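[1] Any chance you could fold what I've pasted below:
(one chain, ligands or ions: 1)
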Amino acid sequence: MKYLIANWKANKNLTETNHWLDEFCQNKLTQIKNQVIICPPFPLIVPVYEKLKYFPNFSLGAQDISSFDIGSYTGEVCGKNLEEIIKYVIIGHSERRKYFQETETVLMKKTALALKYHFQPLYCIRNEKDAISEKVNFVVYEPTWAIGTGKNESLDQVLLLRKRLNLKPGIKFLYGGSVNEDNASLYLKSDKIDGLLIGGTSLNPKSFWEIIKQA
Ligand code: 13P
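    Okay, here's the model as predicted:
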């Protein structure tokens, strides 16, 4: 079982999302055997959910979760707000660490709240120095230099990093960083890589579907 995860980051408006869905849903979604997880920006999660909720192999993820629980935190989106809609949440992405100064302490709080609401954290690390909570089931290796650059990490290096992490048995290990239709199969054919976190390429429904088909 492979996990193909789309991280749309801060892209698309509602019209563009509907176009993406119209095109994506022309494919044979019922024939998919792997797990596909779409992580749109917050306001676009529900429209995608409404369209894909009848397909058991598709689920929604959030790109972030507040480090505060329910309450008076204007502007925040907390676990309770996402309940019933998402199953996964990206935590520790290097863009959140860099642009929003998210520290290990904040990331641990977010992880705890994600688990409280029964979401699976998709826990991103930049290298083997980033701490990983004992409680997460998904670890995503995303070297910062490979994100959005068109330069993907070699399979050997990804596998070496995985080895260095010494993950507990059963923990899913994924790769992200300039994955596209041409290089996805390199990772997908390895039984040591459980899936891919895909940014830019997932914005195009045709390209994303090409990767899903290869898994
Ligand atoms: P790209 O696929 O655009 O390199 O982004 C990777 C990423 O950051 C996914 O979370």
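
[2] going forward, measure contacts between C-alpha atoms and count neighbours the same way
    Fine.

[3] Identify the single longest helix in this protein, thanks.
    Scanning the chain for the longest helix, with DSSP state H as the assignment, gives helix 104-116.

[4] now the angle from the next helix or strand after that one to helix 104-116?
    Downstream of helix 104-116, the next assigned helix or strand under DSSP states H and E is strand 120-125. Angle of strand 120-125 versus helix 104-116, following axes from the mean of the first three to the mean of the last three CA atoms, to 10 degrees, is 160 degrees.

[5] so what secondary structure elements neighbour whichever helix or strand comes after strand 120-125?
    Sequence order places strand 138-141 as the next helix or strand after strand 120-125, per DSSP H and E. Judged by 3 or more CA pairs under 8 Å, 6 or more residues apart in numbering; DSSP states H and E, strand 138-141 is in contact with strand 120-125, strand 172-176.

[6] Need those in CSV (columns: mean pLDDT, distance to the ligand and mean neighbour count).
    As requested, these are arranged in CSV below (pLDDT from 0 to 100; distance: least, CA to the nearest ligand atom, whole Å; neighbours: other CA atoms under 10 Å):
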stretch, mean pLDDT, distance to the ligand, mean neighbour count
strand 120-125, 98, 8, 24
strand 172-176, 98, 5, 24
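
[7] would you turn those strands into a markdown table with distance to residue 62?
    Below are the helices and strands packed on strand 138-141 laid out as a markdown table (distance: least, CA to CA, whole Å):
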| stretch | distance to residue 62 |
| --- | --- |
| strand 120-125 | 10 |
| strand 172-176 | 16 |
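
[8] Let me know which of those strands is the nearest to residue 194.
    strand 172-176 (5.4 Å; CA to CA).

[9] so how far is the ligand from the residue in the chain sticking out farthest from the centre?
    The centre of the chain is farthest from one residue, residue 72, which by CA atoms, centre = their mean lies 27.9 Å away. As judged by CA to the nearest ligand atom, to the nearest Å, residue 72 and the ligand stand 29 Å apart.

[10] doesn't residue 38 make contact with residue 57?
    No - assessed by CA atoms under 8 Å, residue 57 is found out of contact with residue 38, at 11.1 Å.

[11] out of these two, which sits in the more crowded spot?
    When residue 57 and residue 38 are compared for neighbours, residue 38 comes out ahead with 25 against 17, by other CA atoms under 10 Å.

[12] secondary structure element for that one?
    Secondary structure (DSSP H and E) places residue 38 in strand 35-39.

[13] ditto for residue 76
    Counting by DSSP H and E, residue 76 is part of no helix or strand.
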